[in-house]
Structures are given as structure tokens and as C-alpha cells.
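**Student:** how would this look folded up:
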Amino acid sequence: MADRFDYIIIGAGSAGCVLAARLTEDGTTKVLLLEAGGKDNSILVKMPAGVGNLIKAKGDYNWGFWTEEEPHLENRKLWWPRGKGWGGSSSINGMIYIRGHARDYDQWRQMGLTGWGYADVLPYFKRSEGFEGGADAWHGGEGPLHVSRASTPNPIYKAAIDAGAQAGHLTTKDFNGFQQEGWGPYQLTVKDGERWSAAKAYLYPALKRPNLTCVTGARTSRILLEKGRAIGVEYIVDGQVVTAHADGEVLVSAGAVQSPQILQLSGIGAAGDLTPHGIKVQHELNGVGQNLQDHLDACLSWECPQPITAYSMTKGLKTLATGLNYLLFKQGNGRQQMLESGAFLRSRPDLDRPDLQIHTVLAIMQQHGKVSVGKDGFTFHVCQLRPESRGHVGLRSADPTDDPTIFANYLATEEDRRAMREGVKIARDVASQAALDPYRTSEYSPGAAVKTDAEIDAWLRQTAETIYHPVGTCRMGAAGDGLAVVDGDLKVIGLEGLRVVDASVMPTLIGGNTNAPTMMIAEKIADVLRGRPLLAPDEAPVFDGEGIRAA
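**Tutor:** Numbering: from 1, shown residues only. Now for the predicted structure:
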């Protein structure tokens, strides 16, 4: 073990980039960052409009996983894009900056996870954020993660917000401020027309430091354990097995799919999940790979009579023109990611917070863009925010280069089916309002033939897909939680020198896109690792849906 480091970080995704940056700030702490993918140097990563190409294709920047057959979705195997390379999924996502509802984090606190309430995590969101509007009670103005307001003048975005108001819903100017609920504009991790991923925000500045070593093309094969402690990592690069030693800790930040896979390959998990693959149990933890949660999504689309959506922007030679205009001048349609407004709504009035999210997309979306539709149109992506259904991630084999098995178990409960069904009805109602009349003709999908609850349910089973927010497979839990994998400081329970720091530790899904919360988690744990006092709780007020201010 010639290579010795204070910390070894597995994964240069959203959490890994934050950890690498914060842990090397002192100039002396020696950190090794291992990334199975490569650098994020494609124009498709840099250009916001490139997101459509990145999401739909397996390749250098996308692991391109598939689930197992999903029994409640007509046994379909679903496409699961996950980021690969510097920045991880923050380099291929839709660049939406959402934190979730304040009550999501208060729920974690009420589950016994002291220090994870909304007032506790808000300071870390603010430290991370460089909001273009400047600092206020809810936003940070000086952080490395640039957050901009939606700025594309396409009239469909505003028409969708106005239609939401006409349908009787609330509106809001800031989903991350006082009031999340309602229709409004999204905030984006975009700076000067360029995707501002975790790599751009955190990793690039840190790479200038001599105490950070970053190895790309490094596939982690196992974590090395000795006498109940993680002492290093074995990884494969250019076909060679390399070993590195951690004098401090090993930090697993490979995401909700691959973090449990790496633990299991290392002999950490349930015996029933390991022994069939010939892996000796080093440390039994029944929760590894369990508790998988994800946001299921339905795409309702309408044709548009005006040539102002993605189809007309990109047909023929316009795609080439868009790329050249962006590459040479950073101008034109390449600067937009085509989804700048949306909503957080309740599927029934007795809920204490929104359980539905809508993204307004300037395209007729089918199967993540894999199916091209030669028409102008727009889509309401409708997803259920807090599914009851739980799935799991497991090993396909003991080969670290094999994709893990993913079983999401979507729509396993009646409440999940009801919420998605109501989301379809709400989206249709909003789309029918006068504000969208100039931009909407016929309903492309699901179409006029789908009317009854039974027909909606059947359509959902046939077409619903992920909207890319898996969490929970290495969940944190309080004492006595038999399926917890990590404690409130994200230490792997029962082992020393090993933590998991990424979206897999979330005990429950937050109400929104998961990228910003993942970076917040890493910001907070970076302070824990450095032995710094945690930032003081911030009691910024929020709107709880009934006009009551709650801290």
C-alpha cells in the first residue's frame, strides 16, 4: 500500500465533488478522488440544450442502467440514466435547483435524526449557493454553486403559470423561498449560459491544489476492511488492480445505485444478498440496497400550433447551427434546457405539503426523448413526490464491472396509483385553461381515448418512467432502526473509518429534484469530518400550505 491518503472518496459526482473541495481547503489534508468515468469535457455537458442527448443514450457520461421487470408497469424494464464522470448526474441532469419542502427535513428530524431538520440544513444550502439574486433569508449569495433565475422568454412557460392560476392553484415566485406550493419559474444551475455542475462549482477549483489526487477510469472493486475498520480501497484502472490506503476514512459517494453495490462487493450487506455470489460476509447489514425510492413520472403532451418549441428549434440544419452558435459565441438556443417552469401541487387538499411536481417542457416527450416526434408541442411531466412503494438494488454478480440489479417496485400501493391518477387529471385541467389556448391544439398523449380512471391507470402502467431521483439505498437511521445503513453522521453502522455520503442516505425522498439536497448533505458532513462546529440553525419562515408560518 504505497499510496496513502487521509481520505479516499469513491465517486466524483455531486457529493464527491463537494467533499473533495471542502476536505482539501486547508492545503494539507491528502485526498484521493476515484471516478469510474472520465472528465466532463463534452460540449453536450457544457451546453444546457445538450441535456436531451445526454439523458437518452448510454455512453461516456451516462451509465444507462435498466431496471428489472416492473410488475406494476406491465413487466417493463425501465431506462435509468445515471451520471458518469466528473460531476456525476449533475453533469447530465435538467439543471433544476430545488431543495424540497421544509417539512421533508423536519420529518427526518422527527424520525430521530437530530441535526437534519429544515433549520439545520438551510445554512448548508445557503453556504453552497451563489444565487444571482443575492443573499436573503432563504438564499446564499457567495457559494460556489451558481443558481440563476429562469430567463428564456418563450411564452409557453408563463402561459403554463397563468393557466395554473386560472385553474385555481397558487402561484409562487420562488420554489426555494417562503412558499414552495404553486406554479412558478424554476431556478437553474446555469451560469452565463453554461451548465454549472458540481464539477464546475467545486471540483475544478480544487484540482489546482497539490493535496488532491483525482484518478479517472478507476472502477472500485472493493473496500478493504481490517478488524472492523475500512483501511483502503482496491480499484481497477487500465486493467490493473491498484490499492490505496486511507489513514483517515473511506467515503463512498457513488450514488443510490452504485454505493450499495460497492458495499456489497466489499462483503457489507445482508448474507442472503452476498453468499449467492460467492462473496464472504465481512459485516452484516440488512439494509444495504433496501429502501429504494424514486419519482415516477408521466408525460402528458399537447401539440402546439406555433413553431416555438424544440422541434422547430432543432429540425433540419438548425441543430448544427445551434451547436455552432453556442460553441463560437455561447449564444442562441443552446443556452436553454427547455424546462423552465412548473409546479408543486397537492393531489388532495388534506395533505400537509405538495405531493406532485410538474415540469413544463418545450417538446413532446416520449421515452426520455428516445422516440422522436416530428411536431411542435409541449409536455407536462407529472411526478409523485412521496411514493409509498419501496424497491431495492442488488448484485448481478461478484464482477464489479457488471451493472447492479435495480427493482424500483413502482406503483405497488393504491396511494401511489391514486396520486399519479390525480396528477394526470390536474395537468389536463391546467392545460385546458385559456392562457394556453394560443399554444395548444390536440392532446398528443395520452390522447382523447384515455378518459376513465381505469384507462388512466392502464396508460400509466404502459408509459410511466423515472424522472431520475433514486434515493434511500444506504439510508440513515436512528438507534434501533434495523434497516439503517448509516447513522446521523453518515458513518456505516458497526464499522470505523467508513461513511456513505450521497443521495443513498436519504431516509425518505424529498419533495423535488435531488441534486441540490445531495450537495447540501456533503457540505454538512464535510464540517463533521473536519471537526468543525456545525453551522447554527436558521429559522427562516416558510409557508406550510394553510397560511401559517413554520420554522
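**Student:** can you tell me the SS state at residue 208?
**Tutor:** At residue 208, secondary structure determined by DSSP: H, G, I helix; E, B strand; the rest coil is coil.
**Student:** burial measure for it, as a count.
**Tutor:** 8 (other Cβ atoms under 10 Å). Quick note: C-beta positions are derived from backbone N, CA and C, even for glycine.
**Student:** with residue 448 instead?
**Tutor:** There are 7 residues near residue 448, going by other Cβ under 10 Å.
**Student:** how near is it to residue 442?
**Tutor:** Using Cβ to Cβ, to the nearest Å, one gets 8 Å for the distance from residue 448 to residue 442.
**Student:** give me the pLDDT for residue 371.
**Tutor:** On the pLDDT scale, residue 371 is placed at 89.
**Student:** what about it, which helix or strand?
**Tutor:** Counting by DSSP states H and E, no helix or strand carries residue 371.
**Student:** how many neighbours does it have?
**Tutor:** Neighbours around residue 371, by other Cβ under 10 Å: 10.
**Student:** residue 16: which element?
**Tutor:** helix 14-23.
**Student:** so what does that helix touch, helix or strand wise?
**Tutor:** Secondary-structure packing of helix 14-23 (3 or more Cβ pairs under 8 Å, 6 or more residues apart in numbering; DSSP states H and E): strand 3-10, strand 31-35, helix 198, helix 204-206, helix 515-529.
**Student:** out of those, which is closest to residue 231?
**Tutor:** In terms of Cβ to Cβ, the element of the helices and strands packed on helix 14-23 nearest to residue 231 is strand 3-10, at 10.0 Å.
**Student:** quick one: average pLDDT of the closest one?
**Tutor:** 97.
**Student:** pull the helix or strand with minimum mean pLDDT from the protein.
**Tutor:** Ranking every helix and strand in the chain by mean pLDDT, DSSP states H and E puts strand 549-550 at the bottom, with a mean of 42.
**Student:** burial check on residue 207, number of neighbours?
**Tutor:** By the criterion of other Cβ under 10 Å, residue 207 has 16 neighbours.
**Student:** my bad, should have said residue 452
**Tutor:** Neighbour tally, residue 452, other Cβ under 10 Å: 8.
**Student:** how close does it get to residue 507?
**Tutor:** 37 Å.
**Student:** again with residue 76
**Tutor:** Per Cβ to Cβ, residue 76 is found 28 Å from residue 507.
**Student:** quick one: which of these two has more around it?
**Tutor:** Using other Cβ under 10 Å, the more surrounded residue of residue 76 and residue 507 is residue 507, with 22 against 18.
**Student:** low-confidence regions, the protein specifically.
**Tutor:** Along the chain, the model assigns pLDDT under 70 to residues 1-2, 544-551.
**Student:** buried set for the top helix by length along the chain?
**Tutor:** When the chain is parsed with DSSP state H, its longest helix is helix 414-431. For helix 414-431, a neighbour-count test (16 or more other Cβ atoms under 10 Å) marks 415-417, 419-424, 426-428, 430-431 as buried.
**Student:** what of stretch 35-52?
**Tutor:** Using 16+ other Cβ under 10 Å as the test for burial, stretch 35-52 gives 35-37, 39-40, 42, 44-52.
**Student:** could I get the CA-only coordinates of that stretch as CSV?
**Tutor:** Presented in CSV, the C-alpha positions along stretch 35-52 are these (Å, rounded to 0.1, in the frame of the first residue of the first chain):
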residue,chain,number,x,y,z
GLU,A,35,-14.0,8.3,-10.6
ALA,A,36,-15.0,5.4,-12.8
GLY,A,37,-15.9,7.7,-15.7
GLY,A,38,-13.8,10.4,-17.3
LYS,A,39,-13.6,14.2,-17.5
ASP,A,40,-16.7,16.3,-18.3
ASN,A,41,-15.2,17.9,-21.4
SER,A,42,-18.0,17.4,-23.9
ILE,A,43,-19.8,20.4,-25.4
LEU,A,44,-23.1,18.4,-24.7
VAL,A,45,-22.3,18.7,-21.0
LYS,A,46,-21.4,22.3,-21.1
MET,A,47,-24.3,23.4,-23.3
PRO,A,48,-27.7,23.3,-21.4
ALA,A,49,-29.5,22.2,-24.6
GLY,A,50,-27.3,19.1,-24.6
VAL,A,51,-29.3,17.5,-21.8
GLY,A,52,-31.6,15.7,-24.2
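**Student:** off-centre distance for stretch 157-166?
**Tutor:** From the chain centre to the centre of stretch 157-166 is a distance of 26 Å (Cα atoms, centre = their mean, to the nearest Å).
**Student:** contacts for it?
**Tutor:** For stretch 157-166, contacts defined as Cβ atoms under 8 Å, 6 or more residues apart in numbering pick out 150, 171, 182-185, 340-343, 360, 378, 380, 430-431, 433-436, 438-439.
**Student:** buried ones among these?
**Tutor:** By neighbour count, with 16+ other Cβ under 10 Å, those hold 150, 182-185, 340-343, 360, 378, 380, 430-431, 433, 435-436, 439 as buried.
**Student:** from these, which land in helices?
**Tutor:** Residues from these lying in helices, with DSSP H as the criterion: 430, 431.
**Student:** the longest strand in the protein is where?
**Tutor:** strand 240-252 (DSSP state E).
**Student:** that one vs strand 31-35, what angle?
**Tutor:** Inter-element angle recorded for strand 240-252 and strand 31-35: 110 degrees (by axes from the mean of the first three to the mean of the last three Cα atoms, to 10 degrees).
**Student:** check what contacts strand 240-252 and list those residues.
**Tutor:** Applying Cβ under 8 Å, 6+ apart, the external contacts of strand 240-252 come out as 1, 3-11, 16, 19, 32, 34, 218, 221, 223-224, 230-236, 259, 262-263, 474, 497-502, 529.
**Student:** which of the residues you listed are buried? Put it as a PyMOL command.
**Tutor:** Here is the PyMOL command that selects the buried residues among the contacts of strand 240-252 (16+ other Cβ under 10 Å):
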select buried, resi 3+5+6+7+8+9+10+11+16+19+32+34+218+221+223+224+230+231+232+233+234+235+236+259+262+263+474+497+498+499+500+501+502+529
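**Student:** skipping adjacent residues, who's closest to residue 384 in space?
**Tutor:** Leaving aside its chain neighbours, residue 384 sits nearest to residue 419 (4.5 Å; criterion: Cβ to Cβ, 6 or more residues apart in numbering).
**Student:** ditto for residue 117
**Tutor:** Closest residue to residue 117 apart from its sequence neighbours, by Cβ to Cβ, 6+ apart: residue 109 at 3.6 Å.
**Student:** repeat that for residue 55.
**Tutor:** Spatial nearest neighbour of residue 55, chain neighbours left out: residue 81 (5.0 Å); criterion: Cβ to Cβ, 6+ apart.
**Student:** output stretch 107-117 as CSV, nothing but the C-alphas.
**Tutor:** Extracted C-alpha coordinates of stretch 107-117, given in CSV (Å, rounded to 0.1, in the frame of the first residue of the first chain):
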residue,chain,number,x,y,z
GLN,A,107,-39.7,14.6,9.0
TRP,A,108,-36.1,13.4,9.1
ARG,A,109,-35.7,15.1,12.4
GLN,A,110,-38.9,13.5,13.7
MET,A,111,-37.5,10.1,12.7
GLY,A,112,-34.8,10.6,15.3
LEU,A,113,-32.2,12.1,13.0
THR,A,114,-31.1,15.0,15.1
GLY,A,115,-29.5,17.8,13.2
TRP,A,116,-31.3,17.1,9.9
GLY,A,117,-34.4,19.4,10.4
